[in-house]
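[1] Quick one, what's the 3D model for this:
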Amino acid sequence: MNTEELKRFVALEEQRHRLETEIDTIKAEAAELEGRLLPQFEQSGTERIAIDGRTVYVERKLWAKPKDGDKPAVCKALKRCRLGDYVEETFNTNSLSAYIRELDRENKPLAPSLAAVLDVSEVFKLRTRRS
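    Below you'll find the model as predicted:
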């Protein structure tokens, strides 16, 4: 066995573990700051701001999930609304949420039978991109 390669592997694993721990710490601090900054964006009416070579902006995304976790009711409602393409034995939350976002973009209402079984919530997150 090549012990030099084994030592390098162990060193890389140690480095990976340290970096993952650092990333977890960074994510936790960023989430805490986001929780304090989102209300400031809302209160000031700011949509985006350029700072230190990045543009910080508020992203709005709609997500659909079954009310009270009742997936079978959602599947029935989807089929009644001729949206059976979203249904297998269950339904795809990401695809259904994308459909909900499409309705929202087009200012179309959610079918009452779906509204009865879905909780649609808005989630706001800060995002960055190069300015």
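[2] For the chain, which element, helix or strand, carries the lowest mean pLDDT?
    Lowest by mean pLDDT, DSSP states H and E among the helices and strands of the chain is strand 118-130, with a mean of 86.
[3] Leu33 - how many residues pack around it?
    11 (other CB atoms under 10 Å). C-betas here are computed from N, CA, C, even on glycine.
[4] Show me the chain divided up by domain.
    The chain is divided into the following domains under automatic domain parsing: 3-46, 54-129.
[5] Most distant residue from the centre of this protein?
    The C-alpha centroid of the chain is most remote from Met1, which lies 45.2 Å away (CA atoms, centre = their mean).
[6] Quick check: what element follows the top helix by length along the chain along the chain?
    Secondary structure of the chain per DSSP state H: the longest helix is helix 3-44. The helix or strand immediately downstream of helix 3-44 is strand 48-51, counting by DSSP states H and E.
[7] need the contact list for the spatially closest residue to Glu34 that is not a sequence neighbour.
    Nearest residue to Glu34 in three dimensions, chain neighbours excluded: Leu126, at 5.1 Å (CB to CB, 6 or more residues apart in numbering). Applying CB atoms under 8 Å, 6 or more residues apart in numbering to Leu126 gives the contacts Glu34, Leu37, Leu38, Phe41, Val56, Tyr57, Val58, Glu59.
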